[in-house]
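Chemist: I would like the atomic coordinates for the input below:
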Amino acid sequence: MIRGQISIDLLITLIVVIMIIGAFTLILTDFQNEQEEFFLKAQLKENSSKLATFITSTNAINDSNFTAQTLIHNISYKNVSIRPLVSIDTNFISLTINANGENIIAKAFFSKPTGSEVSVNVNTKKLVVSNE
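Modeler: A predicted model of the protein is given here:
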């Protein structure tokens with residue numbers, strides 16, 4: 001081997017090391033993305049469960065005229081506060097956000113009082129349950 005010449009073994013070793021570093025970087029990036037998605041789903045599920053519990057708890061005051069309100073909390077995602085889209089079906093409340101081009105949905109079951117109305121006030125970010 002001539003002085004200053006790089007051996008083929010050294011070149012192969014450098015290529016393998018670069019490939020291993022690239023593979024670890026991809027694995028860590030994928031792990032981080034999965035953790036962010038899990039964190040979003042956990043926040044949505046917690047918020048939807050709290051709202052469903054709030055609606056169900058109004059059954060205790062079913063026999064009177066009332067209006068109950070609660071704040072719909074925003075979701076934290078990458079240092080940004082995102083307001084979830086709230087939709088109310090007959091006995092389900094679902095919160096939806098769009099993160100990285102993917103819709104993430106959390107649903108929760110509730111039992112609303114007979115004759116009561118459940119609505120969302122978009123301007124004040126409040127869920128309103130009323131019985132009149």
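Chemist: alpha carbons only for contacts and neighbour counts from here, please
Modeler: OK.
Chemist: residues making contact with stretch 103-121?
Modeler: Residues from elsewhere that reach stretch 103-121 (CA atoms under 8 Å, 6 or more residues apart in numbering): 40-41, 44-45, 48-49, 52-53, 55-56, 58-59, 62, 86, 88, 91-98, 126-132.
Chemist: which of the residues in it are buried?
Modeler: 104-113, 116, 118, 120 (16 or more other CA atoms under 10 Å).
Chemist: Can I get that stretch in PDB, CA atoms only?
Modeler: Extracted as PDB, the C-alpha positions of stretch 103-121 are listed here (Å, rounded to 0.1, in the frame of the first residue of the first chain):
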ATOM      1  CA  ASN A 103     -57.500  13.300  11.100                       C
ATOM      2  CA  ILE A 104     -57.300  12.100  14.700                       C
ATOM      3  CA  ILE A 105     -60.700  11.300  16.300                       C
ATOM      4  CA  ALA A 106     -61.700  10.500  19.900                       C
ATOM      5  CA  LYS A 107     -65.300   9.500  20.700                       C
ATOM      6  CA  ALA A 108     -67.000   9.200  24.100                       C
ATOM      7  CA  PHE A 109     -70.500   7.900  25.000                       C
ATOM      8  CA  PHE A 110     -72.800  10.000  27.100                       C
ATOM      9  CA  SER A 111     -76.400   9.800  28.400                       C
ATOM     10  CA  LYS A 112     -78.100  13.100  28.200                       C
ATOM     11  CA  PRO A 113     -81.200  14.000  30.200                       C
ATOM     12  CA  THR A 114     -84.600  13.600  28.600                       C
ATOM     13  CA  GLY A 115     -85.700  16.700  26.900                       C
ATOM     14  CA  SER A 116     -82.400  18.500  27.200                       C
ATOM     15  CA  GLU A 117     -80.400  20.200  24.400                       C
ATOM     16  CA  VAL A 118     -76.600  19.800  24.000                       C
ATOM     17  CA  SER A 119     -74.900  22.400  21.800                       C
ATOM     18  CA  VAL A 120     -71.500  23.900  21.200                       C
ATOM     19  CA  ASN A 121     -71.000  27.600  21.200                       C
END
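Chemist: check contacts around the residue nearest to the spatial centre of the chain.
Modeler: The residue lying closest to the centre of the chain (CA atoms, centre = their mean) is L40, at 2.8 Å. By CA under 8 Å, 6+ apart, L40 lies in contact with I75, S76, Y77, I104.
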